[in-house]
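Asks: curious how this folds, go ahead:
(one chain, ligands or ions: 3)
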Amino acid sequence: MWFELICAAMAGGLAVAGLILLWGRRGPLGAVRTEDQKIETGNGLFDIFEKSLLALYVVFERKVIYANEAAVKLLGYDSAEELVGHTVDKFTAPEDLNLLNEMHRRRESGEVASVKYAYRALQKNGEMRWVEAHGSAVPYRGGRAVVGLAVDASRNVEFEKQSRLANHVFRSLTEGILVTDPDFLIEAVNPAFTRITGYGAADALGKKSLLMDTNHVAAIYSRDILHALKTTGHWEGEITDRRRNGQHYPAWVSISAVLGAQGEILNYVYVFTDNTNRKEAENRLKNLASRDGLTGLLNRATFVNNLDGLIRESAARGNELGVLFIDLDHFKSINDTLGHGIGDKLLKEIADRMRAELRHTDIAARIGGDEFVVVIDNIASAQNAERMAQRLIERISRPIVVNEQEIFVTTSVGLACYPADGADGESLLRHADIAMYQAKARGRNMLQLFRDDMTAHALKRMSMENGLHRALDRDEFYLVFQPQFSAADGRLVGAEALIRWRSADGEEIFPGDFIPAAESNGLIVPIGAWVLNEACRCMRKWLDEGLQLERIAVNLSPRQFACEHLLDTIQSALAVHGLEGRYLELEITEGLILNYSQDVTSVLNEIRAMGIELSIDDFGTGYSSLSVLKNTPVHKLKIDRRFTQGLPHDSDDVAITEAILAVAQKLDLKVVAEGVEKPEQQAFLKAAACDVFQGYLLGRPMPEAAMDHFLQQHLGEPKVAADALDSVS
Ligand code: C2E
Ligand code: MG
Ligand code: MG
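Replies: Ligands and ions are numbered 1, 2, ... in the order given. Okay, here's the model as predicted:
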């Protein structure tokens, strides 16, 4: 009977693998197959159903009434008896039972003639198996039986599942995906591709991948990419891509070749991400780490890095660079007096002014509190850099208004050029720094170009500045005294006190090497006070010993005049040692008179009022005008030893010396000649009516103990000196 059912089902449209079944009647429903039945089917067709590789089954009223061997096997059972008579529930995964029932209902009710569906069958061992069932309903015992065939669909279902998943991934990924054929013609793109590039699928499909298009920005990478794909089948890296709207953006791209069974290339798959946000975040971080928080200029480390890069580029292109080291003058006192808030505003404003003056290829950095550096890129010559530096200095020195206050800031600037003044960033920076120091030493508010001979000087000076700070506390200074003789009678009339510094390492340092440094850092004020005090102490001692020296001369630095305590310092030095002013002589410089004439004159008058004598040291080396000299309350001029040196043969020196002596005579000033080393110099000066001699010929500067002895010898015994003088006159 179920043969007929099956056959009817076949005839009703259930075509199974081209099998056309045409016949048959059969025995009672659910009966166990017998030899007899097999015969009954005729031509062994029963066996065909039984042995069919397709699983065949018949279900009536939800119970299995027939299952062939393949059906038994498909469900993992051993014999048909285990199936027949059982409801379909037993062989169906609970999840799909509803589906199965619905399919049966639709056929049994005649709603549809046949259905095809996939469901999960429940095997004997409890495992599920995907099965695809085709079935029709045929009339049977006054109702309808379902006749079906089933095939194992696990592979199909798995494949479908996979491809659905792949499709889902392809569509929902945030990475752009592009699939090309072996010739890089685009076969597929995902929505993210469109989102990132702006090109729709219609724009892209069938076209060549832009990475391989010689007209595209990214084509510069194509050679590398092709090489990598050929050798390893894979390439990845960052490229600059261009969106449809022309905007460039950084993209991270990974390309893989998909190979066929024979190793042939089937496709290329590109996966790429838009790196704009990451790059921006990276840049923001980099910016934070590379910039000075206050001014936004580069910080030191980044500056040195960038400078090295610029130098490499300049070397390749044969260009020159200018490195400016800029230090604000007296910034500390602005900070101290006006407060750090104003100091900060000032620094910001100065940074803005720098930015305004520079070209975009130049770089500027703040590398210390009030220290800035600027690199002027691609200068034609040092003069060119100098001009730009001057403009920058001028701009910075314009008044700055902070909190309704006008503030004037000046700068000292050092300039070193590449390649003339250094081959690498570090030495250029150091040399610009050294030149800047020189600018400070020369009076600030100026530009100084680096010169080779500054280096040794600067190194010495740096170590000296460190040592100077401790020298006073450590008692490293001492005085030497150089005697001065009267030209008229050869008497020892005075002595000049000259400072010496025996530094911690035992080195003897002369004033010419440390006084400029002490002047620039202000230490000259306490040092000068110490000298005054020490000179007064010695003078007192000699007088007490009956050695009637007329006076002791002490050198004063112009910086000491800038200090309001100078008069007090002098007064107390005299008072402490009970010395009258007339025993003291102070040597000032021409520069002092020129630069500070107003205030200084009144201080000089007060000094004079104390009975102290004043002399102008190194006279003739500065630029004093006669009118200034006339108004300055001094007693003496000291002819610098540079002029004494050429006497009596150098006509210029002779002319200058004679002019000084003539001026002094007119203004009623005495003249001291320094640096008298030779008898003929002395003879010339004596004949020209010079008043006092000082120099190695008559006595070198000597320490206190030697001077004690020298004084003992000479004072009271003027004959010795007089003899010496007579012998050359
Ligand atoms: P100055 O005041 O003109 O001192 C004279 C300098 O000439 C001294 O050098 C002295 O040693 C040197 N001299 C003296 N006679 C001769 C000579 O016959 N031939 C040669 N070649 N040189 C001679 P020194 O001691 O090295 O002092 C150099 C300068 O340092 C001084 O020049 C002075 O301007 C400054 N100085 C020295 N001591 C002090 C000080 O206590 N305070 C300040 N502010 N400056 C000082
Ligand atoms: Mg002197
Ligand atoms: Mg002098």
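
Asks: enumerate the residues of this protein near ligand 3.
Replies: Applying Cβ under 5 Å from the ion, we find that the chain lies next to ligand 3 at 617-618, 674. No exception for glycine: its C-beta is placed from N, CA and C like everyone else's.

Asks: helix or strand: which one has the closest residue to ligand 3 within the stretch 351-500 of the chain?
Replies: In the stretch 351-500 of the chain, the residue that lies nearest ligand 3 is Glu496 (8.4 Å; Cβ to the ion). Taking DSSP states H and E as the criterion, Glu496 maps to strand 492-502.

Asks: by contact count, what packs against that strand?
Replies: strand 477-486, strand 508-509, helix 511-521, helix 524-544, strand 551-555, helix 704-714 (3 or more Cβ pairs under 8 Å, 6 or more residues apart in numbering; DSSP states H and E).

Asks: figure out which of those is closest to Ile407.
Replies: Closest approach to Ile407 among those is made by helix 511-521 (22.6 Å; Cβ to Cβ).

Asks: give me the contacts around the closest one.
Replies: 440-441, 460-461, 464-465, 468, 498-501, 523-524, 527, 557-559 (Cβ atoms under 8 Å, 6 or more residues apart in numbering).

Asks: can you rerun that using 7 Å?
Replies: With Cβ atoms under 7 Å, 6 or more residues apart in numbering as the test, helix 511-521 has contacts from 440-441, 461, 464-465, 468, 498-499, 501, 524, 527, 557, 559.

Asks: okay, buried residues for that helix please.
Replies: 511, 514-520 (16 or more other Cβ atoms under 10 Å).

Asks: ok, the residues you listed vs ligand 3, which is closest?
Replies: Using Cβ to the ion, the buried residues of helix 511-521 come closest to ligand 3 at Pro511, 10.7 Å.

Asks: tell me the pLDDT at the closest one?
Replies: If you check Pro511, the pLDDT there is 94.

Asks: inside helices: which ones of the residues of the chain next to ligand 3?
Replies: Assignment to helices by DSSP state H places none of the residues of the chain next to ligand 3 there.

Asks: lowest pLDDT pick from those?
Replies: Per-residue pLDDT puts Asp618 lowest of the residues of the chain next to ligand 3, at 88.

Asks: who's in contact with that residue?
Replies: Counting by Cβ under 7 Å, 6+ apart, Asp618 has contacts 589, 638, 640.

Asks: for Phe684, see how far away it is.
Replies: Counting by Cβ to Cβ, to the nearest Å, the gap from Asp618 to Phe684 is 19 Å.

Asks: again with Ala573
Replies: Counting by Cβ to Cβ - Ala573 and Phe684 are separated by 37 Å.

Asks: and for Phe49?
Replies: 149 Å.

Asks: just Gly414 next, same as before
Replies: 44 Å.

Asks: between those two, which has more neighbouring residues?
Replies: Gly414 (28 against 21; other Cβ atoms under 10 Å).

Asks: rewinding a little: contacting residues for the residue of the stretch 351-500 of the chain closest to ligand 3?
Replies: 481-482, 484, 553, 694.

Asks: mind putting those into JSON lines with pLDDT?
Replies: What follows is the contacts of Glu496, written out as JSON lines (pLDDT from 0 to 100):
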{"residue": "Phe481", "pLDDT": "98"}
{"residue": "Gln482", "pLDDT": "98"}
{"residue": "Gln484", "pLDDT": "97"}
{"residue": "Ala553", "pLDDT": "98"}
{"residue": "Gln694", "pLDDT": "97"}
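
Asks: go through the residues you listed and name the one nearest ligand 2.
Replies: Once Cβ to the ion is applied, the member of these that ends up nearest ligand 2 is Ala553, at 6.7 Å.

Asks: surely the closest one is in contact with Pro483?
Replies: No - applying Cβ atoms under 7 Å as the test, Ala553 and Pro483 come out as separate, 10.7 Å apart.

Asks: just to revisit the earlier point, which of the buried residues of helix 511-521 sits closest to Ser427?
Replies: Ala517 (22.8 Å).
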